[in-house]
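> After the sequence you'll find the predicted model.
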Amino acid sequence: MRYIESANNPQVKRWKKLLTKKERDKTGLFIVEGFHLVEEALNAGRVEEIIILENVDLPHGLDYGATPITAVPIDIIKLISETDTPQGIFAICHQEQPTITYGNSFLLIDAVQDPGNLGTMIRTADAAGIDAVIVGHGSVDMYNAKVLRSAQGSHFHLPVIKGDISEWISELHKRQIPVYGTSLENGEAFHNIQPTDSYALIVGNEGNGVSKDLLSQTTANLYIPIYGKSESLNVAVATGILLYYLRA
């Protein structure tokens with residue numbers, strides 16, 4: 001284990017830059033914070049480096065292999081943390097753009113911009129046993145710190161990739177996988193659809209929903225009836241209801 005004391009160290013500056021999407025895109029790296037996420041990243045074999053607050057013990061029972069580990073003082077921790085109460089452990093991880101082995105179920109995300117929503121949707125897809133999550137153009141960066149915290153490690157459990165939603169719809173149709181959009185306009189209540197062994201669900205932007213262009217390419221468009229006085233459901237909540245319902 002090495003020790004870095006100065007915030008002016010080039011390595012510290014490199015870590016701090018990873019808080020920006022520009023640097024994450026440039027380097028193909030991202031940073032996770034907290035014991036749980038570091039453990040998930042290690043178990044997935046995605047860690048390139050660990051940073052830990054001096055006098056904080058590394059978690060026991062994990063395979064660190066030859067992973068470089070650097071201890072730092074609290075002032076450096078505060079530079080790279082995006083939480084109010086840092087746990088004092090971080091991991092620098094490499095991004096993946098995995099080759100998808102076509103399974104039975106897909107979640108396609110169109111221009112969702114709230115990081116908490118995106119992370120919750122990825123986590124829900126993981127819990128529902130979805131085979132892959134495709135994050136479309138216009139969505140918040142899937143390696144944003146708030147997205148990572150909300151997903152609680154699900155980035156490391158299933159393929160989560162950036163992609164062109166329209167191209168994915170076309171490919172799914174070729175494979176005879178029904179693709180459901182989400183829309184009140186020209187839609188039908190979700191419980192009128194019979195769950196099947198395979199399906200894809202498109203969910204969209206918090207304010208505008210799924211784009212009309214994408215909705216025109218779907219097998220059917222679904223909505224969740226509102227029985228109370230609320231105008232709508234949160235997109236992440238709606239995603240959870242539909243993903244679980246559509247499972248055969």
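It's in. Keep in mind that this is a model prediction, so the values were computed, not measured.
> contacting residues around N117?
For N117, the contact set (Cβ atoms under 8 Å, 6 or more residues apart in numbering) comprises 150, 206, 234-236. (Glycine included, C-beta is placed from N, CA and C.)
> burial of P73, as a residue count?
15 (other Cβ atoms under 10 Å).
> On the pLDDT front, check it for me.
Listed pLDDT for P73 reads 98.
> thinking it is in contact with S6, fair?
No - using Cβ atoms under 8 Å, P73 is not in contact with S6; the gap is 9.4 Å.
> can I get the contacts of N117 in CSV with secondary structure and distance to L79?
Below are these laid out as CSV (DSSP: H, G, I helix; E, B strand; the rest coil; distance: Cβ to Cβ, whole Å):
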residue, secondary structure, distance to L79
S150, helix, 23
E206, coil, 31
N234, coil, 33
V235, helix, 33
A236, helix, 31
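> Export the residues you listed as a markdown table, with columns for pLDDT and neighbour count.
Below are those laid out as a markdown table (pLDDT from 0 to 100; neighbours: other Cβ atoms under 10 Å):
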| residue | pLDDT | neighbour count |
| --- | --- | --- |
| S150 | 98 | 20 |
| E206 | 95 | 15 |
| N234 | 97 | 14 |
| V235 | 98 | 22 |
| A236 | 98 | 21 |
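> which of those residues sit farthest apart?
S150 and E206 (14.3 Å; Cβ to Cβ).
> All the helices of the protein, residue numbers only.
Assigned by DSSP state H, the helices in the chain fall at 10-17, 21-27, 35-43, 74-80, 115-127, 145-151, 165-174, 212-215, 235-246.
> which stretch among these comes nearest C93?
Nearest of the helices of the chain to C93, taken as Cβ to Cβ: helix 35-43 at 5.0 Å.
> Give me the buried stretch members for the closest one, please.
Within helix 35-43, the residues scored as buried using 16 or more other Cβ atoms under 10 Å are 37-42.
> Point out where the chain drops to low pLDDT.
By pLDDT under 70, the chain contains no weakly predicted segment.
> which residues does the nearest residue to D63 once chain neighbours are set aside contact?
Distances taken as Cβ to Cβ, 6 or more residues apart in numbering put L42 closest to D63, at 6.9 Å, once the chain neighbours are dropped. Contact analysis of L42 by Cβ under 8 Å, 6+ apart lists 62-64, 67, 91.
> Ok, H191 next?
Going by Cβ under 8 Å, 6+ apart, the list of residues near H191 reads Y245.
> returning to what we had before: may I ask which two of the contacts of L42 are separated the most?
Longest span within the contacts of L42, Cβ to Cβ: D63 and A91, 13.3 Å.
> For the two, work out which one has more neighbours and name it.
A91 (24 against 8).
> Please tell me I have it right and the more buried one contacts L37.
Yes - if you go by Cβ under 8 Å, A91 and L37 touch, sitting 7.3 Å apart.
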